[in-house]
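Visitor: With the sequence up front, the predicted model follows.
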Amino acid sequence: MDATSSASAQPMIRLSGVGKTYDDGTVAVQELDLEIERGELVCLVGPSGCGKSTTLKMINRLIEPTTGTIEIDGDDVTHQDPVQLRRSIGYVIQQVGLFPHQKILANVMTVPLLYGESKSVARDRARELLDLVGLDPATYGDRYPHQLSGGQQQRVGVARALAANPPVLLMDEPFGAVDPVVRTRLQDEFLRLQDEVGVTVVFVTHDIDEAVRLGDRVAVFASGGRLAQFDTPARVLGRPSDEFVAEFVGSTSGLRRLAVTPLDPAHIEPLDGVRTGDLGAAVGTDISLGEALAVLLRDDHGVVGVREGAQFVGVLTPNGVHRALRAALAEMAAEG
Ligand SMILES: Nc1ncnc2c1ncn2[C@@H]1O[C@H](COP(=O)(O)OP(=O)(O)OP(=O)(O)O)[C@@H](O)[C@H]1O
């Protein structure tokens, strides 16, 4: 095995036996073991005060653990210079922390400049990043932070955190302060962006809907910093590991689970005889069952086109979706 393959075989972030007891005796995190793969998006979720933020801040050493070790890409973070470490890890928080007296472009440029890039390289990089987060640099670059909406400021925060090309991005309730509609849009955009950039993300939220929507895996914390379950969204919702998780994910977990259950292609029906011009809405083949149901309910045509790229490959009908729902619900019931 060469150096590259052994490096990529290990998790990007590994917490082993990590604990934090604050000076006043508060146990914020207990004996935490967590391994996060390269390119994975892991959500830490749980009720207020269960140790999510403390865990996140131990990864970039804003807080020192009392016990255990934390490795990033195989290197123990406690052996690294904290300032250097923090520069190499992106960090996005709810209070974006943009410099109020600097224009947006200058705000994003700070990071490449800090790394010793020339002004012109830093400016190009900042423009590219603003574009990446969906803000036209020509429109927004010359504005000051207070001239942007909360959601737009949050995007700038994400752009700035990505400016150093960090392998790891830590996010603490980044979309917590924006209204639900903007929040959903930011979540969608962020998922696309994360896919494109391939960065490993640890994302703190107290909102189970946000966690199952974004996370490849979800770590559910119980109070006292106990990790109650670490699993895929579908399994956390479908097979909670204990009473606490079951209660936390709530009684609507069946519905939530549909949102993370992919539509089985077996339930897409052939196009036979349907003129694509007659189809109202169209969806992709990677749609979730929950979305399929929602689109069908919204659309008055009763038939929704399914596209792969530009090509129509079939249709969704109320019958097909009904069959898919029954199959998925039966599977959930069988899993108990
Ligand atoms: N500096 C501190 N000194 C003492 N106790 C602290 C300190 N910071 C946090 N705590 C306590 O540690 C526990 C975990 O806090 P933490 O902020 O990690 O929780 P959280 O899950 O992120 O909560 P929230 O969702 O409310 O932000 C809480 O009981 C909190 O009161």
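Guide: Done, it's in.
Visitor: Counting by contacts, list what the helix or strand hosting Met109 packs against.
Guide: Assigned by DSSP states H and E, Met109 falls within helix 104-114. Counting contacts by 3 or more Cβ pairs under 8 Å, 6 or more residues apart in numbering; DSSP states H and E, helix 104-114 packs against helix 119-132, helix 150-162. (Glycine included, C-beta is placed from N, CA and C.)
Visitor: Get me the contact residues on the stretch 101-250 of the chain for the ligand.
Guide: Those residues of the stretch 101-250 of the chain that sit near the ligand, judged by Cβ under 6 Å from any ligand atom, are His206.
Visitor: Would you state the strands of the stretch 101-250 of the chain in chain order?
Guide: Under the criterion DSSP state E, counting those that start in this stretch, strands of the stretch 101-250 of the chain are mapped to 168-172, 200-205, 217-222, 226-231.
Visitor: Now the stretch 201-336 of the chain against the ligand: closest residue?
Guide: Closest residue of the stretch 201-336 of the chain to the ligand, Cβ to the nearest ligand atom: His206 (4.7 Å).
Visitor: Give the helix, strand or coil label for the spatially closest residue to that residue that is not a sequence neighbour.
Guide: Leaving out its chain neighbours, the residue that sits closest to His206 by Cβ to Cβ, 6 or more residues apart in numbering is Ser48, at 6.2 Å. Under DSSP: H, G, I helix; E, B strand; the rest coil, Ser48 falls in the coil class.
Visitor: before we move on, back to that, weakest of the helices and strands packed on helix 104-114 by average pLDDT?
Guide: Lowest mean pLDDT within the helices and strands packed on helix 104-114: helix 150-162, a mean of 87.
Visitor: which regions of this structure lie under the pLDDT threshold?
Guide: 1-8, 251-255, 332-336 (pLDDT under 70).
Visitor: middle-most residue in it, spatially?
Guide: Leu214 (3.9 Å; Cα atoms, centre = their mean).
Visitor: For the nearest residue to Pro166 once chain neighbours are set aside, grab the count of nearby residues.
Guide: In space, and not counting its chain neighbours, Pro166 is closest to Gly90: 4.2 Å by Cβ to Cβ, 6+ apart. Neighbourhood size, Gly90 [other Cβ atoms under 10 Å]: 24.
Visitor: got it, and His301?
Guide: For His301, the count of nearby residues is 12 (other Cβ under 10 Å).
Visitor: ditto for Leu193
Guide: If we define neighbours as other Cβ under 10 Å, then Leu193 has 18 of them.
Visitor: got it, and Glu331?
Guide: By other Cβ under 10 Å, neighbour count at Glu331 equals 12.
Visitor: Just say helix, strand or coil for it.
Guide: helix.
Visitor: returning to that earlier point: the helix holding Met109: how far from the chain's middle?
Guide: From the chain centre to the centre of helix 104-114 is a distance of 24 Å (Cα atoms, centre = their mean, to the nearest Å).
Visitor: again with stretch 266-278
Guide: For stretch 266-278, the distance to the chain centre is 34 Å (Cα atoms, centre = their mean).
Visitor: do stretch 227-247 as well
Guide: Its chain's C-alpha centre and that of stretch 227-247 lie 18 Å apart, by Cα atoms, centre = their mean.
Visitor: for stretch 183-201, same thing?
Guide: 6 Å.
Visitor: Start at 588, not 1
Guide: With 588 as the first residue, the last one maps to stretch 770-788.
Visitor: contacting residues around the residue nearest to the centre of the chain?
Guide: 628, 630, 774, 777-778, 790, 792 (Cβ atoms under 8 Å, 6 or more residues apart in numbering).
Visitor: farthest pair in those?
Guide: Leu778 and Thr792 (13.8 Å; Cβ to Cβ).
Visitor: The two - which one has more neighbours?
Guide: Thr792 (23 against 13).
Visitor: in the sheet, who's paired with that one?
Guide: Val632 (DSSP bridges).
Visitor: for the residue sitting furthest away from the middle of the chain, helix, strand, or coil?
Guide: For the chain, the largest distance from the centre (Cα atoms, centre = their mean) belongs to Gly860, which lies 40.6 Å off. Under three-state DSSP, the three-state class of Gly860 is coil.
Visitor: same question, Gly604
Guide: In three-state terms, and counting by three-state DSSP, Gly604 is strand.
Visitor: ok, now which ones touch it?
Guide: Contacts for Gly604 were tallied using Cβ under 8 Å, 6+ apart; they are 618-620, 654-656.
Visitor: swap the cut-off to 6 Å and go again
Guide: The contact partners of Gly604, taken as Cβ atoms under 6 Å, 6 or more residues apart in numbering, are 618, 654-655.
Visitor: Tell me if Ile650 really is in a helix.
Guide: No: counting by three-state DSSP, Ile650 is not found in a helix; it is coil.
Visitor: so what's it closest to, chain neighbours aside?
Guide: That would be Lys644: by Cβ to Cβ, 6+ apart, it lies 4.2 Å from Ile650.
Visitor: How about the secondary structure of the one you found?
Guide: Going by three-state DSSP: Lys644 is helix.
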